[in-house]
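Asker: Below is the structure, and that's it, no one-letter string:
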DNA sequence: AAATATATTTAGTCTTATCTAAATTTGCTG
DNA sequence: CAGCAAATTTAGATAAGACTAAATATATTT
């Protein structure tokens, strides 16, 4: 049985590995966990000793297959609960992250599976992220970041990269949501801001925002 | 913010107070928490310092009004989640206790209230226990223990006192469940076992079992 | 009321997860 | 490739919650 702290570290190592496709460094991990490098080192040593990560001193760490499967289970639970909160309880998509952070640690395989069934085996959570199935399988995504689109290209907003409160509230404010049809009208070379047409509305978003929106090309 | 350990102690102090209507002793608390008396003392001191219990050294403790309200909130969450697990996810009533022990610690007032609404404001959980409402109000019970009934008296099984796995599985085995119509046919003076008629079936239960079934007299 | 038994508290230790400060390793720069 | 900067690890401390053993208070019995 893993502690919540161990689970949280595993989840974060998984996210960093997926994002960077490289060994996870102590500093990067510590920063994401909002803790100190020495604490991250301690935890990496413990996880290594439990064979959940492959860790080489001063070099970095990656999940072992056992660790990866644990991490995916946690991600699965997180996304199922987020789906439950939005679909069944009527929360907004910008309110569910913190609650799901707690719910993802509930230990019960049968609970997870019954919840999955109750939700009718959803493939994506409210933020557009794929939900691993009971075997840990995740549907491959063919989406790219909005920042990678060229002028005149168009697509559908399928997911957000940043699921934080603040970012989601910003999207609500500019009236943008999953499923929107987006066309790139212009890209400013000097700051990478992007002018887009979204459902007939024209607006400009920063380069940073564009890097946090997943688009499926049309 | 209370730790899970603190919450669990508060819940148990509440249960003991309700059960015994007396000051809660260190030993009784330690036994319920499956820990040692010294640990219970430590926690009572901490809870007293946080003004959640009124505690007198060597005499015992009782919840302060603040502590009681915290405890009731936890009980409310526990019972709502049990109801959810049985009503919505299809668990059996003997499978939900341990999962609800975890879920009751999820921190989110709006989650609790939305769950309550989703379940359509249930008054009783699957074990027949009353669910405190959003204000902490609990419907008064007019039920008594089956062990208190006399020969020839009858009633409806409205709740169980012991919600443990083992006890609930036993009830399933003898085909007894909430709502059953029960009539006392005989009481053995030497061991307090009770012969009852339950939905036309005649069976004998031990005195201990009779002390764990709440009956509403007809 | 003294003696003994039981209940409770205190003192000191352990584990987990955190921190700061110091030591060490790696990597970059000239 | 020497030297410095940045990254990482180690050492030692802290807080929460548990434990054991010892000390103390309360309760019971004679």
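Answerer: Noted; the coordinates are in hand. The model shown is predicted, which means the values in this text are computed figures rather than measured ones.

Asker: so who does the residue nearest the centre of chain A touch?
Answerer: Residue closest to the mean C-alpha point of chain A, counted by CA atoms, centre = their mean, is residue A:161 at 5.8 Å. Remark: with contacts taken as CB atoms under 8 Å, 6 or more residues apart in numbering or on different chains, residue A:161 is in contact with A:145, A:211-214. In this view, the C-beta of every residue, glycine as well, is placed from N, C-alpha and C.

Asker: 10 Å - rerun?
Answerer: Neighbouring residues of residue A:161 by CB atoms under 10 Å, 6 or more residues apart in numbering or on different chains: A:19, A:127-129, A:145-146, A:167, A:211-214.

Asker: Can you tell me which residues in chain A are near DNA strand C?
Answerer: Taking CB under 7 Å from any atom of the strand, the part of chain A that reaches DNA strand C is made up of A:3-6, A:33, A:35-36, A:38-39, A:42-43, A:46, A:57-58.

Asker: Give the buried subset of the residues you listed as a ChimeraX selection command.
Answerer: Only the buried members of those enter the following ChimeraX selection, criterion being 16 or more other CB atoms under 10 Å in any protein chain shown:
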select /A:6,33,43,46
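
Asker: and the residues of chain A next to DNA strand C, which two are the farthest apart?
Answerer: Every pair in these was compared (CB to CB); the two farthest apart turn out to be A:4 and A:58, at 27.7 Å.

Asker: For chain A, which helix extends over the most residues?
Answerer: helix A:65-87 (DSSP state H).

Asker: what about that helix, distance to the chain center?
Answerer: On the basis of CA atoms, centre = their mean, to the nearest Å, helix A:65-87 sits 11 Å off its chain's mean C-alpha point.

Asker: Also stretch A:130-137?
Answerer: Here the centre of mass of C-alpha atoms in stretch A:130-137, compared against the chain's by CA atoms, centre = their mean, lies 14 Å away.

Asker: Would you state the strands of chain A in chain order?
Answerer: Per DSSP state E, chain A has strands spanning A:53-56, A:60-63, A:144-145, A:154-160, A:181-187, A:194-198, A:201-205, A:213-217. These are given in chain order.

Asker: mind putting the ones you listed in TSV, mean neighbour count included?
Answerer: Compiled in TSV, these are given as follows (neighbours: other CB atoms under 10 Å in any protein chain shown):
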stretch	mean neighbour count
strand A:53-56	19
strand A:60-63	22
strand A:144-145	14
strand A:154-160	19
strand A:181-187	16
strand A:194-198	19
strand A:201-205	14
strand A:213-217	20
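
Asker: got a markdown table for these, with distance to residue B:23 and mean pLDDT too?
Answerer: As requested, those are arranged in a markdown table below (distance: least, CB to CB, whole Å; pLDDT from 0 to 100):
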| stretch | distance to residue B:23 | mean pLDDT |
| --- | --- | --- |
| strand A:53-56 | 50 | 98 |
| strand A:60-63 | 51 | 97 |
| strand A:144-145 | 63 | 95 |
| strand A:154-160 | 54 | 96 |
| strand A:181-187 | 66 | 96 |
| strand A:194-198 | 65 | 95 |
| strand A:201-205 | 63 | 94 |
| strand A:213-217 | 59 | 96 |
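
Asker: Distance to residue B:96 for those - can I get that in CSV?
Answerer: As requested, these are arranged in CSV below (distance: least, CB to CB, whole Å):
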stretch, distance to residue B:96
strand A:53-56, 34
strand A:60-63, 33
strand A:144-145, 43
strand A:154-160, 34
strand A:181-187, 44
strand A:194-198, 45
strand A:201-205, 46
strand A:213-217, 38
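
Asker: Compare these and give me the one nearest residue B:107.
Answerer: strand A:154-160 (24.7 Å).

Asker: helices or strands up against the closest one?
Answerer: Using 3 or more CB pairs under 10 Å, 6 or more residues apart in numbering or on different chains; DSSP states H and E as the contact criterion, the neighbours of strand A:154-160 among helices and strands are helix A:165-173, strand A:181-187, strand A:194-198, strand A:213-217.

Asker: buried stuff in the longest helix of chain A?
Answerer: Going by neighbour count (16+ other CB under 10 Å), the buried part of helix A:65-87 is A:67-68, A:70-86.

Asker: near chain B, which of the residues you listed show up?
Answerer: The residues of these that also fall near chain B, by CB under 10 Å from any CB of the partner chain, are A:81, A:84-85.

Asker: For residue A:136, state which of those is nearest.
Answerer: Nearest to residue A:136 among these is residue A:81, at 17.0 Å by CB to CB.

Asker: Who are the contact partners of that closest one?
Answerer: Residues in contact with residue A:81, defined by CB under 10 Å, 6+ apart, are A:96, A:99-104, A:106, A:112, A:115, A:119, A:125, B:106.

Asker: For residue A:31, see how far away the residue of chain A found nearest DNA strand C is.
Answerer: Nearest to DNA strand C in chain A, going by CB to the nearest atom of the strand, is residue A:3, at a distance of 2.9 Å. Here the criterion is CB to CB, to the nearest Å. By it, residue A:3 lies 21 Å from residue A:31.

Asker: domain ranges for chain A?
Answerer: When chain A is parsed with automatic domain parsing, its domains come out as A:4-63, A:72-140, A:144-217.

Asker: could I get those as a markdown table with distance to residue B:90?
Answerer: Compiled in a markdown table, these are given as follows (distance: least, CB to CB, whole Å):
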| stretch | distance to residue B:90 |
| --- | --- |
| domain A:4-63 | 26 |
| domain A:72-140 | 6 |
| domain A:144-217 | 30 |
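
Asker: So which of the ones you listed is nearest residue B:176?
Answerer: Minimum separation from residue B:176 across those (CB to CB) falls at domain A:72-140, 24.4 Å.

Asker: picking that back up, pretty sure residue A:46 is one of the things the residue of chain A closest to DNA strand C touches, is it not?
Answerer: Yes - the pair formed by residue A:3 and residue A:46 meets the contact definition of CB atoms under 10 Å, at 9.5 Å.

Asker: shared neighbours, these two?
Answerer: Residues touching both residue A:3 and residue A:46 comprise residue A:9, with contact defined as CB under 10 Å, 6+ apart.

Asker: Get me the contact residues on chain A for chain B.
Answerer: Proximity of chain A to chain B (CB under 10 Å from any CB) is limited to residues A:4, A:81, A:84-85, A:88-91, A:95-96, A:98-100, A:102-103, A:105-108, A:110-111, A:113-115, A:117-118.

Asker: Report the buried members of these.
Answerer: When the residues of chain A next to chain B are checked for burial by 16+ other CB under 10 Å, the buried set is A:81, A:84-85, A:88-89, A:91, A:95-96, A:99-100, A:102-103, A:105-106, A:108, A:111, A:114-115, A:118.

Asker: Now intersect those with the helices, please.
Answerer: Short answer: these in helices (DSSP H) are A:81, A:84-85, A:99-100, A:102-103, A:111, A:114-115, A:118.

Asker: Turn those residues into TSV, columns for distance to DNA strand D and pLDDT.
Answerer: Supplementary listing: these in TSV, determined by distance: CB to the nearest atom of the strand, whole Å; pLDDT from 0 to 100:
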residue	distance to DNA strand D	pLDDT
A:81	24	98
A:84	28	98
A:85	27	98
A:99	21	97
A:100	23	98
A:102	16	98
A:103	20	98
A:111	23	98
A:114	29	98
A:115	28	98
A:118	33	98
